[in-house]
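Novice: Okay, sequence plus prediction incoming.
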Amino acid sequence: MGVPVIVDCDPGTDDVAALVLAHALAQRGDLDVAAVTTVAGNVDVEQATRNALDVVGLLGWDVPVARGAAKPLVADLVTAAEIHGTDGLLGVELPTSSRVADGRPAWQVMRDVAASSDQPIDVVATGPLTNVAVALATYPELGERLRRVVVMGGAFLAGNTTPAAEFNVYVYPEAAQRVFTSGVPFWLCPLDVTHEAYITADELGQARALGSPGAVLFADVIGRYLPLVARYSGGRGAALHDPLAVVYAADDSLCTSAECFVGVETRGSITRGMTVTDRYSDTKLERNGHLVETVDRAAFVARVLDLLAVG
Ligand code: RIB
Ligand code: CA
């Protein structure tokens with residue numbers, strides 16, 4: 001088996017799409033998903049956990065789902081119900097699965113998976129970084145047991161939740177700062193790249209035609225999400241933020257990346273949650289992470305469709 005991976009998410013429509021792809025990658029042996037953990041973000045953590053349980057139930061995916069943090073430690077929870085709906089699914093009906101959440105909190109599952117692995121593990125974070133920060137604070141030894149964190153978040157040009165901040169970082173900037181300064185290697189998939197990782201309505205039609213439960217669910221949630229977010233991709237389609245992070249974690253040939261300084265503004269009045277990246281200057285700021293800079297959209301969408309054919 002490969003490196004154990006934990007998918008930490010806030011389902012949410014694109015997180016649901018990412019879980020469908022994570023399942024397909026796991027089926028193929030391309031991503032060894034050891035657990036799914038949930039965090040408050042797009043919706044509250046109870047709804048996020050319910051959605052994750054129903055998605056893995058629909059897929060027949062035998063993977064633990066563990067509930068994480070209900071809110072940041074230092075701020076009220078900000079959700080994205082205006083984009084994802086209060087149910088996180090934009091009204092897409094999911095059969096209520098009989099699955100129940102793991103009895104451990106998300107951060108304990110992260111620690112336990114890492115402790116029982118013979119090699120350091122990966123975390124793919126597609127929601128606010130609350131759980132990862134809590135895990136690192138609760139278990140200081142965990143940092144040595146994480147090979148990397150692949151993060152969907154941040155931006156090097158402009159935000160989506162504010163002009164400066166991307167949602168996942170905006171919800172809890174201090175958590176992102178904690179992760180980015182922890183010494184754990186991280187790869188940041190920012191909006192500037194995920195907005196180019198869009199899927200068109202025609203390509204969604206191809207996905208639906210594949211007919212598997214995962215493909216139909218993917219097409220249903222992203223199909224409802226598309227008109228709400230097409231403007232971010234120049235009207236061309238729906239940005240697959242979280243699916244890109246998951247697929248990238250299995251195959252980094254789809255994108256280019258570079259070592260980079262990544263900082264987080266935590267005190268600004270209008271810039272709180274802004275990720276500050278030093279891509280060009282010679283400020284000699286420590287290159288503490290890696291910034292994903294481009295994506296081969298055609299190759300990415302082809303991989304998505306190939307994976308959706310798995311089911
Ligand atoms: O800014 C986009 C990110 O915020 C995605 O992960 C989306 O699901 C929301 O969590
Ligand atoms: Ca998300």
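Specialist: Perfect, thanks for sending it. Values in this document were obtained by computation on a predicted structure and should not be read as measured data. Ligands and ions are numbered 1, 2, ... in the order given.
Novice: any idea of the pLDDT on whichever residue of the stretch 201-311 of the chain sits closest to ligand 1?
Specialist: In the stretch 201-311 of the chain, the residue that lies nearest ligand 1 is residue 241 (4.1 Å; C-beta to the nearest ligand atom). The C-beta positions use only the backbone N, C-alpha and C, and glycine is treated the same way. Per-residue pLDDT puts residue 241 at 98.
Novice: ok, now which ones touch it?
Specialist: Shown in contact with residue 241 (C-beta atoms under 8 Å, 6 or more residues apart in numbering): 14, 126, 152, 189, 191, 194, 197.
Novice: mind checking how far the first one is from residue 279?
Specialist: Going back to what we said before, that points to residue 14. 25 Å (C-beta to C-beta, to the nearest Å).
Novice: Three-state assignment for the closest residue to residue 146 other than its chain neighbours, please.
Specialist: Excluding its sequence neighbours, the residue lying closest to residue 146 (C-beta to C-beta, 6 or more residues apart in numbering) is residue 184, at 4.7 Å. Put simply, residue 184 is coil when judged by DSSP: H, G, I helix; E, B strand; the rest coil.
Novice: Give me the pLDDT for residue 184.
Specialist: pLDDT at residue 184 comes out at 98.
Novice: Could you check how many residues crowd around it?
Specialist: 21 (other C-beta atoms under 10 Å).
Novice: quick one: it from residue 121, how far?
Specialist: Using C-beta to C-beta, we find residue 184 at a distance of 11 Å from residue 121.
Novice: overlap in contacts of those two?
Specialist: residue 146.
Novice: Smallest gap between the stretch 151-300 of the chain and ligand 2, at which residue?
Specialist: residue 242 (4.8 Å; C-beta to the ion).
Novice: Look up how far residue 152 lies from the residue of the stretch 201-311 of the chain closest to ligand 1.
Specialist: Distance from residue 241 to residue 152, by C-beta to C-beta: 5 Å.
Novice: joint contacts of those two?
Specialist: In terms of C-beta under 8 Å, 6+ apart, residue 241 and residue 152 are both contacted by the residues 126, 189, 194.
Novice: Which members of the residues you listed are positioned in helices?
Specialist: Of the shared contacts of residue 241 and residue 152, the ones assigned to helices by DSSP state H are residue 194.
Novice: so who does the nearest residue to residue 19 once chain neighbours are set aside touch?
Specialist: Once flanking residues are discounted, residue 19 sits nearest to residue 55: 5.0 Å by C-beta to C-beta, 6+ apart. Going by C-beta under 8 Å, 6+ apart, residue 55 touches 11, 16, 19, 20, 61, 94, 217.
Novice: just residue 41 next, same as before
Specialist: Residue 41 neighbours (C-beta under 8 Å, 6+ apart): 10, 12, 48, 79, 80, 127, 128, 167, 168, 171.
Novice: Name the helix or strand for it, please.
Specialist: Under the criterion DSSP states H and E, no helix or strand holds residue 41.
Novice: which residues does the residue lying closest to it once chain neighbours are set aside contact?
Specialist: Computed as C-beta to C-beta, 6+ apart, the closest residue to residue 41 that is not its neighbour in sequence is residue 10, at 3.1 Å. Residues in contact with residue 10 (C-beta under 8 Å, 6+ apart) are 38, 39, 40, 41, 42, 43, 48, 88, 126, 127, 128, 168.
Novice: ok, so what distance separates the fourth one from residue 125?
Specialist: Just to be clear, that refers to residue 41. Residue 41 sits 10 Å away from residue 125, going by C-beta to C-beta.
Novice: can you list contacts of stretch 285-296?
Specialist: By C-beta under 8 Å, 6+ apart, stretch 285-296 touches 156, 180-181, 185-190, 192-194, 196-197, 244, 248, 254-263, 277-279.
Novice: So which of those residues are in strands?
Specialist: 186-189, 255-263, 277-278 (DSSP state E).
Novice: Put the buried members of the residues you listed into a ChimeraX selection.
Specialist: With 16 or more other C-beta atoms under 10 Å as the burial test, the buried ones among those are selected in ChimeraX as follows:
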select :186,187,188,189,255,257,260,261,262,263,277,278
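Novice: ok, back up a step: and the residue nearest to residue 19, backbone torsions?
Specialist: phi -70, psi -50 (degrees, to the nearest 10).
Novice: now swap in residue 95 and tell me
Specialist: Backbone torsions of residue 95, given as degrees, to the nearest 10, read phi -60, psi 140.
Novice: which ones are touching it?
Specialist: So residue 95 contacts 54, 57, 58 (C-beta under 8 Å, 6+ apart).
Novice: would you turn those into CSV with neighbour count, secondary structure and distance to residue 65?
Specialist: Below are the contacts of residue 95 laid out as CSV (neighbours: other C-beta atoms under 10 Å; DSSP: H, G, I helix; E, B strand; the rest coil; distance: C-beta to C-beta, whole Å):
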residue, neighbour count, secondary structure, distance to residue 65
54, 21, helix, 10
57, 16, helix, 9
58, 19, helix, 13
